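> Can you look at this prediction? I've put the sequence above it.
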Amino acid sequence: GAGVSQSPSNKVTEKGKDVELRCDPISGHTALYWYRQSLGQGLEFLIYFQGNSAPDKSGLPSDRFSAERTGGSVSTLTIQRTQQEDSAVYLCASDLSGGNTGELFFGEGSRLTVL
Amino acid sequence: RKEVEQDPGPFNVPEGATVAFNCTYSNSASQSFFWYRQDCRKEPKLLMSVYSSGNEDGRFTAQLNRASQYISLLIRDSKLSDSATYLCVVERGDYKLSFGAGTTVTVRA
């Protein structure tokens, strides 16, 4: 498809396990973002990629969170030793110009539940 | 203080009614503003940009008040399909967009 693709759409895991969330942005979009949305909360910025580099990792909540992007395309968000407070919808978005237009194209998200 | 604050609602209105709501932002240096729409358990999508002079897109009107640091959205002649959560979005600078928690609108028949 032509949109941003995320997998898995749903993930249930046990506390302490590691999880990997994948994002496949729109082809040609150089900017890629990860956000987190908890129930009743606004989208929380996690990390931004321009190409393969991440000039801003300031939103990552702890060192258990990491992300990488390869080939200027697919990105993986990894959460190690998951905690219950990590439960949320993790949204990936991409755009052409690094936020200048304000239009981010979001995937449908990965809903993470940590038991 | 949150960067972007919104009344969570919900705003329950009958079809055909007008509904309006605001959001406030804390960073006076913000330059760009947007409204996104998010349907239940779906991803956010850009509804419209907000320009300094105010702008309309069909039944939707957005306004910006820089002096008071608030943005408004007005929906005229509400349709059932307008039921959604509306996210106020402010560009912090460079590439970062700050999202409000959203205002929920429910249009009833």
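Looks like it came in fine.
> what's near enough to touch residue 19?
Because you didn't say which chain, this covers chain A. A:11, A:13, A:78, A:79, A:82, A:112 (Cβ atoms under 8 Å, 6 or more residues apart in numbering or on different chains). To be clear about C-beta, it is placed using only N, CA and C from the backbone, and glycine gets the same treatment.
> meant chain B actually
B:11, B:13, B:74, B:75, B:78, B:105.
> Please repeat the previous calculation with a cut-off of 6 Å.
Shown in contact with residue B:19 (Cβ atoms under 6 Å, 6 or more residues apart in numbering or on different chains): B:11, B:13, B:75, B:78, B:105.
> Quick check, the second one in contact with residue B:76.
No - counting by Cβ atoms under 6 Å, residue B:13 sits too far from residue B:76 to count as a contact (11.1 Å).
> More neighbours: which of those two?
residue B:13 (17 against 14; other Cβ atoms under 10 Å in any protein chain shown).
> Tell me, how many residues neighbour residue B:38?
20.
> Equivalent analysis for residue B:27, please.
A count of nearby residues for residue B:27, using other Cβ under 10 Å, gives 14.
> Show me which residues of chain A are close to chain B?
A:41, A:42, A:43, A:48, A:98, A:99, A:102, A:103, A:106, A:108 (Cβ under 6 Å from any Cβ of the partner chain).
> For the first one, which three-state class applies?
It refers to residue A:41. Look at residue A:41: counting by DSSP: H, G, I helix; E, B strand; the rest coil, its state is coil.
> In contact with residue 37, which residues?
No chain was given, so I picked chain A. Residue A:37 neighbours (Cβ under 6 Å, 6+ apart): A:43, A:89, A:91.
> try chain B instead
B:45, B:47, B:84, B:86.
> Filter these down to the buried ones, ChimeraX style.
The buried residues among the contacts of residue B:37 can be selected in ChimeraX (16 or more other Cβ atoms under 10 Å in any protein chain shown) with this line:
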select /B:47,84,86
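> Now do the contacts for residue A:74.
Applying Cβ under 6 Å, 6+ apart, the residues near residue A:74 are residue A:24.
> rerun at 7 Å
A:22, A:23, A:24 (Cβ atoms under 7 Å, 6 or more residues apart in numbering or on different chains).
> wait, doesn't the second one sit right on residue A:8?
Yep, that's residue A:23 we're talking about. No - judged on Cβ atoms under 7 Å, residue A:23 makes no contact with residue A:8 at a distance of 11.5 Å.
> Can you tell me what sits against the helix or strand of chain B with the lowest mean pLDDT?
When the helices and strands of chain B are scored by mean pLDDT, DSSP states H and E, strand B:96-99 comes last with a mean of 87. Strand B:96-99 is contacted from outside by A:42-43, A:45, A:99, A:102, A:104, B:3-4, B:87, B:89-92, using Cβ under 7 Å, 6+ apart.
> what's the following helix or strand after it?
Moving toward the C-terminus from strand B:96-99, the next helix or strand (DSSP states H and E) is strand B:103-108.
> CA atoms only: put that following strand into CSV for me.
What follows is strand B:103-108, C-alpha atoms only, in CSV (Å, rounded to 0.1, in the frame of the first residue of the first chain):
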residue,chain,number,x,y,z
THR,B,103,-11.5,17.5,22.1
THR,B,104,-14.1,14.8,21.6
VAL,B,105,-17.2,15.8,19.5
THR,B,106,-20.2,13.6,19.3
VAL,B,107,-22.9,14.5,16.8
ARG,B,108,-26.3,12.8,17.4
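> one step back: out of the contacts of residue A:74, the closest to residue B:35 would be?
residue A:23 (24.2 Å; Cβ to Cβ).
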